[in-house]
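K.L.:
using only what follows, build the 3D model:
(one chain, ligands or ions: 1)
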Amino acid sequence: MKYQLFHSPGTGSQIILDALQLCKAPHEVIEVNYEKAAKGKDRRLKKVNPLSRLPTLVLPDQSVLTESGAILLHLAHRYPKAKLAPRAGSKNYDRFLRLLFIITGEIYPCFTFSDDPAEWVESKPAQKQLFESVVKHKAELWKLVDSLLDSKGPHALGKEFSCIDLYLNVMTSWRPGQKWFTKNAKRITAKKSALL
Ligand SMILES: N[C@@H](CCC(=O)N[C@@H](CS)C(=O)NCC(=O)O)C(=O)O
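P.N.:
Next up is the predicted model:
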């Protein structure tokens, strides 16, 4: 049996598709229309993930795994040769965990709350205020990530590749956008160009 990935190019599922390919894990892609999926209107996706979010992965045993960080830790364990995560207890491991949790637990939700503020608050001024404050907070979080990256080496963790590089590669093409990163996040920008 293969992994089945619900995927829409350019979204967070791209990170998991990149990881599945690095792992050489047998997989198939179920391509979804992101706009439709985000509105909860893709019935296949909603059935397996009531949050209707990408990435959603059906495992070979047919159980369902969501949350990009959980999926990547699962793959890191199953396919250690792909080096998606440093070895537990190694020098880079704690920094890896910290970055993973900031990216998934702090930065990712900023998109949830600022992509469509009308989902969360009714009045136009409240929507504008929510959007602006979340965007500002997200910029501070990216600066924190930038400060935590190793200043040397081509990867977020210095010489050691990890799935943090996959996140940077995909998420830096989202808002606030390439120009903002070039100006405000020098390490992230340098790591990203090293990956290309
Ligand atoms: N915590 C989740 C966040 C996933 C997420 O928010 N994905 C976005 C696409 S990049 C999504 O599906 N958004 C649709 C929505 O929030 O309704 C993860 O790390 O996988």
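K.L.:
and the closest residue to residue 92 other than its chain neighbours, how far is that from the ligand?
P.N.:
Counting by C-beta to C-beta, 6 or more residues apart in numbering, residue 92 lies nearest to residue 86, which is 4.1 Å off, once chain neighbours are set aside. Placement of C-beta: from N, CA and C, glycine included. To the ligand, residue 86 is 20 Å away according to C-beta to the nearest ligand atom, to the nearest Å.
K.L.:
wouldn't residue 86 be in contact with residue 155 here?
P.N.:
No. Under the criterion of C-beta atoms under 8 Å, residue 86 is not in contact with residue 155, lying 10.7 Å apart.
K.L.:
residues shared between the contacts of these two?
P.N.:
Residues touching both residue 86 and residue 155 by C-beta atoms under 8 Å, 6 or more residues apart in numbering: residue 162.
K.L.:
list the contacts for residue 59?
P.N.:
When contacts are counted by C-beta under 8 Å, 6+ apart, residue 59 touches 3, 65, 74.
K.L.:
tell me which other helices or strands the helix or strand containing the second one touches.
P.N.:
With elements delineated by DSSP states H and E, residue 65 resides in strand 64-66, which encompasses its position. The contact analysis (3 or more C-beta pairs under 8 Å, 6 or more residues apart in numbering; DSSP states H and E) places strand 64-66 against strand 56-58.
K.L.:
and residue 90, helix, strand or coil?
P.N.:
Secondary structure, DSSP: H, G, I helix; E, B strand; the rest coil: residue 90 is coil.
K.L.:
let me fix that: residue 21
P.N.:
Classified using three-state DSSP, residue 21 is helix.
K.L.:
what's the spacing between it and residue 59?
P.N.:
Separation of residue 21 from residue 59 (C-beta to C-beta, to the nearest Å) stands at 17 Å.
K.L.:
so residue 104 lies in a strand, does it not?
P.N.:
No. Going by three-state DSSP, the assignment for residue 104 is helix, not a strand.
K.L.:
enumerate every residue touching it.
P.N.:
67, 68, 69.
K.L.:
among those, who's most crowded?
P.N.:
In terms of neighbours by other C-beta atoms under 10 Å, the contacts of residue 104 top out with residue 68 at 26 neighbours.
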